[in-house]
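In: show me the folded form of this:
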Amino acid sequence: MLGDVDTPHNVEHCIETKGPPVFPKARHLNPEKLQFLKQEFWTLMEQGIIRQSESAFASPIHFVKKPNGDSRICRDFRKLKAVTIPDRYPLPHIQDFSHNLVDKIVFSKIDLVKAYHQIPIKTSDIPKTAVITPIGLFEYTKMTFRLRNTAQSFQRFIEQVSRGLDCFAYLDDILVASEDLAKHKVDLEKVFQRLKDYNLKINRDKYVFGQEKIQFLDFQMSPGGVSPLPDRVNALKEYPLPKSVEELRRFLAMINFYHRFLKNATGTQACLHDLVKGKIKRDKTPIIWTDETKEAFQACKELLKNAAMLAYPKHNIPLSLVTDASETVIGAVLQQHIEGGFGCRVAISSKSGSGLELKQLSLPSSKRLLYCDISTGKVRPYVPETFRRRVSEMLHGLSHPGVKAMANMIKQRFVWKSVNKDVQEWCKFCIACQKSKIHRYNKSPLGLFKLPNARFNHVHIEVVGPLPSSKGYTFVLTCIDKFSRWPEVFPMCNQLAETVAQTLYADWILRFGVPEIITSDKGSNFESNLFQALTKFLGASKTSFHPAANGIVERIHRQLKAAIKVLRQLQFVRGFAYRSAGDARLYQGRY
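Out: From the prediction side, this is the model:
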């Protein structure tokens, strides 16, 4: 079974979250879907991919129809993904591998099946994957789709698998390219053996072997270079005129996927981008087409039809960059010259002027030209990099303004790309400002305690008093469980360290067990040698903070001081109150 296979690697999928657990209600299913769910989940349990759970986390499931009419089960991890810290591991691009495709004439493509299940989820993070269904709560022991950062975790894994092989791996797609058939056979055998070592299986419906042209990651790879897929080009040629802003955005996104193959794409699409500029994401507003915008729409499709094939860059051959610019658009072509002086296009780029309207102005009594921005109605010269520091120092020396005022002063008179960043950096090193201005100290941002993974693992404690005497009691010890928010209050005759330690041990620890962490303020009774010895004997970690950091118990003190005479009734009412961090009542969180 898949779950019983030992994985010969050290890659784990981690789910680092912030905040309390997320959990919705289970979604109801009709009898047909319920039966399908049972069969699917029992199969996954037999394979060791899921198991029954007691997690505080939960995510719902929903059914999605396939093109053939069948249904498949999807996990709705949107709430979990919202509190998951992102993984910044980079995903590769086909351009990262293009220099290795020079002189390659034979191509093969391999698609892996259920490869995500080869990566185990970190043991402490397994409860976070729990899904709630009408038949129970289940959690994943193996990585599954729709979790955040799965692509990054799998890329780590597949790069470990393909290390040292002549191939390019992007997630579960692998490209193998060779100079001839004999070498290609050897390369494939090495790849197959490595996949076997890692217990990875090939999708029989999607593999392609030994071709001169191959489709990979929505591109066509051939000995001559890389180009857009013919099927995609033909589909976009038949694309109807968009009726709304949303449809036009969709068309521009599909066209710009092949932006680097298109000559002057930015200039051709300029008036179309004006139609969607400033609109909301899914705007259904109808588009009023003019002759100009219709011509631009057709020109975009013709541009894709005539898209260039980009050659693979060869080693040790000179490159040349050909540039051109208008008042609003900048374009460039990177070429590599081979025998006969013929230039092969390696890359194409075009970019708008970011709203600036550049114009050449001739300087009086000089043959030199100066680029200026006239988009605001006021001429603002473009400052070359070598003069920027000098311009900034001259303006800053007038009255030594702050960073924001200084940046605004420059923007009113000049223009360059990184004004804010440069001004902030230069103002830091102004000696006159450092000597004469008052610098406010930065406050540390508020942080969160690490969320415990079980009840009564983390307890917050505090002493309240002196209060009006009742049967000789003038103080109370307040204890609250961090996980369930369950509160307890215990009366004490005094607040000596011996009394506090005895009350905590007898009334809380003997009932709920030894917590891993005890959080308090820096009161002398909590900082005493006796209390420190108690926590050391119990094996608990003691942390002391300013009272403001122990707010979980400070909030209940307002109620205690106002209703101390009806303590039992107060606790009964609080037990039926809802937690602010979830839907469970306090007494339910306790058990």
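In: give me the low-pLDDT residue ranges for the stretch 451-591 of the chain?
Out: Filtered on pLDDT under 70, the stretch 451-591 of the chain yields the residue ranges 544-550, 559-591.
In: show me where it has strands.
Out: Assigned by DSSP state E, counting those that start in this stretch, the stretch 451-591 of the chain shows strands spanning 458-464, 475-481, 487-492, 517-520, 541-544.
In: for those strands, give me JSON lines that also has mean neighbour count.
Out: Every C-beta, even on glycine, is put in place using the N, C-alpha and C of the backbone. Below are the strands of the stretch 451-591 of the chain laid out as JSON lines (neighbours: other C-beta atoms under 10 Å):
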{"stretch": "strand 458-464", "mean neighbour count": "23"}
{"stretch": "strand 475-481", "mean neighbour count": "22"}
{"stretch": "strand 487-492", "mean neighbour count": "19"}
{"stretch": "strand 517-520", "mean neighbour count": "22"}
{"stretch": "strand 541-544", "mean neighbour count": "14"}
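In: can I get these in a markdown table including distance to Arg194?
Out: Formatted as a markdown table, the strands of the stretch 451-591 of the chain follow (distance: least, C-beta to C-beta, whole Å):
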| stretch | distance to Arg194 |
| --- | --- |
| strand 458-464 | 45 |
| strand 475-481 | 50 |
| strand 487-492 | 57 |
| strand 517-520 | 45 |
| strand 541-544 | 45 |
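In: can you list contacts of the host helix or strand of Val64?
Out: In the assignment (DSSP states H and E), Val64 maps to strand 61-65. For strand 61-65, the external contacting residues (C-beta atoms under 8 Å, 6 or more residues apart in numbering) are 27, 29, 33, 37, 71-76, 131-133.
In: any chance of the residues you listed in a markdown table, plus secondary structure and distance to Val322?
Out: Output for the contacts of strand 61-65, formatted as a markdown table (DSSP: H, G, I helix; E, B strand; the rest coil; distance: C-beta to C-beta, whole Å):
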| residue | secondary structure | distance to Val322 |
| --- | --- | --- |
| Arg27 | coil | 58 |
| Leu29 | coil | 61 |
| Lys33 | helix | 59 |
| Leu37 | helix | 60 |
| Ser71 | strand | 54 |
| Arg72 | strand | 50 |
| Ile73 | strand | 53 |
| Cys74 | strand | 48 |
| Arg75 | strand | 50 |
| Asp76 | coil | 50 |
| Val131 | strand | 55 |
| Ile132 | strand | 59 |
| Thr133 | strand | 60 |
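In: now list the buried members of these.
Out: When these are checked for burial by 16 or more other C-beta atoms under 10 Å, the buried set is Leu29, Lys33, Leu37, Ile73, Arg75, Val131, Ile132, Thr133.
In: can you redo the contacts of strand 61-65 as JSON lines with pLDDT and distance to Val403?
Out: Formatted as JSON lines, the contacts of strand 61-65 follow (pLDDT from 0 to 100; distance: C-beta to C-beta, whole Å):
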{"residue": "Arg27", "pLDDT": "82", "distance to Val403": "52"}
{"residue": "Leu29", "pLDDT": "83", "distance to Val403": "58"}
{"residue": "Lys33", "pLDDT": "84", "distance to Val403": "59"}
{"residue": "Leu37", "pLDDT": "86", "distance to Val403": "58"}
{"residue": "Ser71", "pLDDT": "76", "distance to Val403": "57"}
{"residue": "Arg72", "pLDDT": "81", "distance to Val403": "54"}
{"residue": "Ile73", "pLDDT": "83", "distance to Val403": "53"}
{"residue": "Cys74", "pLDDT": "84", "distance to Val403": "48"}
{"residue": "Arg75", "pLDDT": "85", "distance to Val403": "47"}
{"residue": "Asp76", "pLDDT": "86", "distance to Val403": "45"}
{"residue": "Val131", "pLDDT": "90", "distance to Val403": "49"}
{"residue": "Ile132", "pLDDT": "89", "distance to Val403": "50"}
{"residue": "Thr133", "pLDDT": "89", "distance to Val403": "55"}
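In: before we move on, back to that, from the buried ones among the contacts of strand 61-65, pick the one nearest Leu248.
Out: Arg75 (33.0 Å; C-beta to C-beta).
In: assess the claim that that closest one and Arg146 are in contact.
Out: Yes: applying C-beta atoms under 8 Å, one finds Arg75 in contact with Arg146, separated by 5.3 Å.
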